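I'll drop the sequence and a predicted model, then ask my questions.
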Amino acid sequence: MSEQKPDQAHWTAVADQWIAWAGTPGHDAFWAYRAGLVAYLGAGRGRALEIGCGEGRVSREARALGYHVTATDAVAAMVQAARAADSADRYDVAPAHSLPYADGEFDLVIAYNVLMDVDDVPAALREARRVLKPGGTLFISIVHPFRDRGRFAGPEVDAPFVVDGTYFGREHFDGQETRDGLSMHFAGWSLPLQDYMAALEAAGLAIVSLREPQPDTASTAQLRQWSRMPMFLWIKARAIPPAV
């Protein structure tokens, strides 16, 4: 058996935490942005691949939109949870940097909040580009890079957003979050926007659309804060045709 990469080892260790955290409707921030995400993805009839499917919530949304969905994750327990929830049409255990699919196999590739959790973003984007059909779309969601480097000074809706250090550079994050009886140990990488853009460019991908979504409804003070400052960044990219 090959040795696990650090990102895979972490998510293997916390898989049960994540399945409970993300699979509880209304608990994670995903649920406050769900309607906007579905609208942005849009209906489709082709083949879709989700990289880093977790417990399968985004795969289920893509399937409901009409896509034939393949759900994949580097962690077997995540894929098992996605399968148990009937999230997709096919399931595979595979890391983002080494996908077991032919070149140009998918009309849509989804990388929802997974690039912050992989050790090698350029390698993951090269693989996403490889398995995209000509004219296909890569959808990326990441925690907004600026949000990663700052914090609200207090719980008040109008509390200032403060950046204590620097926005630039690659930083590792590692911390525990507890809410409503559930705990989650998050760990991964925070990168400035230019690092993601450089990796997309190097992979031969060009951005065709970008959103900084606000919550569908701001029912809590925290969500009203995130209506002032974007929590997520959504990107659609397509392959750049080779130079003639």
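Okay, I see it.

And the lengthiest strand in the chain, what's buried?
Ranked by number of residues, the top strand in the chain under DSSP state E is strand 132-143. Neighbour counts over strand 132-143 (16 or more other Cβ atoms under 10 Å) mark 132-133, 136-143 as buried. For glycine as for every other residue, the C-beta is placed from the backbone atoms N, C-alpha and C.

same deal with stretch 207-220?
211, 213-216, 218.

Among those, name the ones in strands.
Among the buried residues of stretch 207-220, the members found in strands (DSSP E) are Arg211.

Closest one of the buried residues of stretch 207-220 to Ala239?
Nearest to Ala239 among the buried residues of stretch 207-220 is Arg211, at 20.3 Å by Cβ to Cβ.

now the closest one, nearest residue through space, not along the chain?
Spatial nearest neighbour of Arg211, chain neighbours left out: Trp234 (4.3 Å); criterion: Cβ to Cβ, 6 or more residues apart in numbering.

wait, what's in contact with the one you found?
Neighbour list for Trp234: 37, 40, 139-141, 210-213 [criterion: Cβ atoms under 8 Å, 6 or more residues apart in numbering].

with those in mind, which one is nearest to Met184?
For those, the nearest to Met184 is Ser141 (17.5 Å; Cβ to Cβ).

what's near enough to touch the nearest residue to that closest one once chain neighbours are set aside?
Among residues not flanking Ser141 along the chain, Tyr112 sits closest, at 4.6 Å (Cβ to Cβ, 6+ apart). Residues in contact with Tyr112 (Cβ under 8 Å, 6+ apart) are 50, 52, 58, 139-141.

Distance to Phe152 added to those, as a markdown table?
Below are those laid out as a markdown table (distance: Cβ to Cβ, whole Å):
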| residue | distance to Phe152 |
| --- | --- |
| Glu50 | 31 |
| Gly52 | 28 |
| Val58 | 27 |
| Phe139 | 28 |
| Ile140 | 25 |
| Ser141 | 21 |
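
ok, so of those, who is nearest Ala76?
Nearest member of the contacts of Tyr112 to Ala76, counting by Cβ to Cβ, is Gly52, at 13.2 Å.

pretty sure Phe173 is in a strand, no?
Yes - in this structure, Phe173 lies within a strand as judged by DSSP: H, G, I helix; E, B strand; the rest coil.

For beta bridges, what are the partners of it?
For Phe173, the beta-bridge partners are Gly188 (DSSP bridges).

what about it, distance to Gly188?
Plainly put, Phe173 is 6 Å away from Gly188 if you go by Cβ to Cβ, to the nearest Å.

for Ala20, same thing?
Computed as Cβ to Cβ, the Ala20 to Gly188 distance reads 19 Å.

And Gly42, by the same measure?
Distance of Gly42 to Gly188, given as Cβ to Cβ: 28 Å.

Just list the residues touching Pro192, thanks.
Going by Cβ under 8 Å, 6+ apart, Pro192 touches 145, 167-169.

Any of these buried? List them.
Pro145.

Mind picking the one among the contacts of Pro192 that's closest to Val14?
Pro145 (23.0 Å).

Ala29 versus the closest one, what's the distance?
Relative to Ala29, Pro145 is positioned 16 Å away (Cβ to Cβ).

and what of Gly169?
Counting by Cβ to Cβ, the gap from Gly169 to Ala29 is 25 Å.

Ok, Leu191 next?
According to Cβ to Cβ, Leu191 stands 19 Å off from Ala29.
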